[in-house]
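Undergrad: Build me a model:
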Amino acid sequence: MTITKAKIFACEICGKEFGRKDNLGRHKITVHSKSQKHKCPKCNFSSTRKDSLDKHIKEVHSEVKQYSCKMCGERFTQKGSMERHIDSSHKDVFSFACPKCNSIFSRKDSLLRHIRSVHEGIRPHKCSECGKSFQHKHHLKDHLILGH
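TA: A predicted model of the protein is given here:
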């Protein structure tokens, strides 16, 4: 098994990860710039570009699951979610090993997220109402639905 160490550039504001530094820079300008004009009516996402907001609303808040896994038929609202599902559920290649425990991952971003959340205790998803923070975005969403 070959272990590949790849650079991941993480946004220090929200924790989102990128394989390229220029994509991180574009993300910071588009998502975290103070001059954001287009705000999501359903969450705290905002963008300098309307097309980014439209894409966000379609992919995050839509109930329509337009992406389908060709291997098992499971459906997803976001293309990236479907791709992560395929990588983690249907590929036999797990080439990213955690140097601190026995966990192995099929994606480098999954390994880095694991290290930050499990070994470093980083919880990047914070509730704006009570301040409680979570390792995963879906846990924050559950908290917002069930906890408040």
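Undergrad: center of this structure, which residue is that?
TA: Lys16 (5.6 Å; C-alpha atoms, centre = their mean).
Undergrad: Angles on the backbone of Phe105, please.
TA: phi -140, psi 150 (degrees, to the nearest 10).
Undergrad: now it: how far from His38?
TA: Counting by C-beta to C-beta, to the nearest Å, the gap from Phe105 to His38 is 34 Å. For every residue, glycine as well, the C-beta is placed using N, CA and C.
Undergrad: okay, those two: which has more neighbours?
TA: Taking neighbours as other C-beta atoms under 10 Å, Phe105 and His38 compare with Phe105 leading, 19 against 16.
Undergrad: what about the more buried one, distance to Ser88?
TA: Counting by C-beta to C-beta, the gap from Phe105 to Ser88 is 8 Å.
Undergrad: same question, Gly147
TA: 28 Å.
Undergrad: Over to Cys130?
TA: Distance from Cys130 to Ser88, by C-beta to C-beta: 31 Å.
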